[in-house]
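Undergrad: pasting the sequence and the predicted model now:
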Amino acid sequence: MAVQPKTADILLVEDNPGDVRLTSEALKDSRIRNRLHVVENGVEALSFLRRQGDYAGAPRPDLILLDWNLPKKSGQELLQEIKSDQDLRTVPVLVLTTSRSEEDILKAYSLHANCYLAKPVDFVNLSEVLKSIEDFWFTVVTLPPKTS
């Protein structure tokens with residue numbers, strides 16, 4: 001088994017306040033200690049990841065949960081920038097979205113998403129999905145070390 005981080009930093013890139021609330025609640029009951037950081041769009045996500053402006057003191061996330069349909073900069077555009085950036089490409093990006101479009105799924109994987117998950121719309125199923133994510137990414141997998 002992999003060594004889990006003391007506290008996992010998770011970046012949620014999500015513009016729907018209801019989905020943010022559900023995700024936050026589901027992660028509160030987690031057996032994995034975590035800090036959830038939330039940004040509402042791709043532009044803010046890049047500022048967070050690059051520690052710019054209001055996010056100068058932001059931690060490097062252990063994992064990114066990315067909605068595909070975002071304002072200002074789409075999930076697709078953001079994923080492409082993350083995976084093209086030498087300093088960010090090793091951060092696992094999990095696309096968590098309501099889209100079940102084969103085109104979106106193929107595009108996400110072609111841009112090197114680490115996985116693509118259809119987002120459940122109810123709390124119980126979302127909790128189960130998040131628990132599976134936590135079990136896999138923070139217990140089974142060895143994540144890359146955090147860099148400065």
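TA: Good, I have the coordinates.

Undergrad: which parts of stretch 88-107 count as buried, going by neighbours?
TA: 88, 91-97, 99, 104-105, 107 (16 or more other CB atoms under 10 Å). Any C-beta I mention is one placed from the backbone N, CA and C, and that applies to glycine too.

Undergrad: list the contacts of Y109.
TA: Y116 (CB atoms under 8 Å, 6 or more residues apart in numbering).

Undergrad: of the buried residues of stretch 88-107, which pair is most distant in space?
TA: Using CB to CB, these span at most 23.0 Å, a distance reached by L88 and S99.

Undergrad: one step back: now tabulate the buried residues of stretch 88-107 in CSV and tack on pLDDT and distance to D62.
TA: Shown next, in CSV, are the buried residues of stretch 88-107 (pLDDT from 0 to 100; distance: CB to CB, whole Å):
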residue, pLDDT, distance to D62
L88, 94, 13
V91, 95, 8
P92, 96, 8
V93, 97, 12
L94, 96, 11
V95, 96, 17
L96, 90, 15
T97, 87, 20
S99, 85, 25
D104, 92, 25
I105, 95, 24
K107, 95, 25
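
Undergrad: mind putting the residues you listed in JSON lines, distance to D135 and secondary structure included?
TA: As requested, the buried residues of stretch 88-107 are arranged in JSON lines below (distance: CB to CB, whole Å; DSSP: H, G, I helix; E, B strand; the rest coil):
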{"residue": "L88", "distance to D135": "25", "secondary structure": "coil"}
{"residue": "V91", "distance to D135": "19", "secondary structure": "coil"}
{"residue": "P92", "distance to D135": "14", "secondary structure": "coil"}
{"residue": "V93", "distance to D135": "18", "secondary structure": "strand"}
{"residue": "L94", "distance to D135": "13", "secondary structure": "strand"}
{"residue": "V95", "distance to D135": "19", "secondary structure": "strand"}
{"residue": "L96", "distance to D135": "15", "secondary structure": "strand"}
{"residue": "T97", "distance to D135": "21", "secondary structure": "strand"}
{"residue": "S99", "distance to D135": "24", "secondary structure": "coil"}
{"residue": "D104", "distance to D135": "25", "secondary structure": "helix"}
{"residue": "I105", "distance to D135": "23", "secondary structure": "helix"}
{"residue": "K107", "distance to D135": "27", "secondary structure": "helix"}
